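Chemist: no sequence for this one, just the structure:
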């Protein structure tokens, strides 16, 4: 029997997101240092790209910011060309942070 517990990121952090052209950036800010360590281990470029699926056409880059217990996540080619070119409902990526908070990870 597998006793692995999964939790959504929203239980560990909050997020803010925005755009620079066709690039969405998400700040994932942990509530505690312990949460940051858990997030840092489990939130990988591969997992984030899989979570967003076809919404992200390019690479996913993650930058650690331990001094403020946060990750900066950069999603390239993720906004359908950018705010002035896309037909997407969320042209500026403001909902991408909320979408990331629904990602599940294993709890320690």
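Modeler: Good, I have the coordinates. Quick caveat: nothing in here was measured; it's all calculated off a predicted structure. Numbers count the residues shown, from 1 in each chain.

Chemist: in its sheet, which strands sit next to the lowest-mean-pLDDT helix or strand in the chain, and in what direction?
Modeler: Using mean pLDDT, DSSP states H and E, strand 13-20 stands out as the lowest-scoring helix or strand of the chain, at a mean of 86. Using DSSP bridges, the strands paired with strand 13-20 are strand 23-30 (antiparallel).

Chemist: after the strand it pairs with, next one along is what?
Modeler: helix 33-42 (DSSP states H and E).

Chemist: contacts made by that following helix with the rest, please.
Modeler: The contact list for helix 33-42 (CB atoms under 8 Å, 6 or more residues apart in numbering) reads 9, 12-13, 28, 30, 64, 66, 69-71, 105-108. The way it works is simple: take the backbone N, C-alpha and C, and place the C-beta from them, glycine included.

Chemist: what about 7 Å?
Modeler: 9, 12-13, 28, 30, 64, 69, 71, 105-106, 108 (CB atoms under 7 Å, 6 or more residues apart in numbering).
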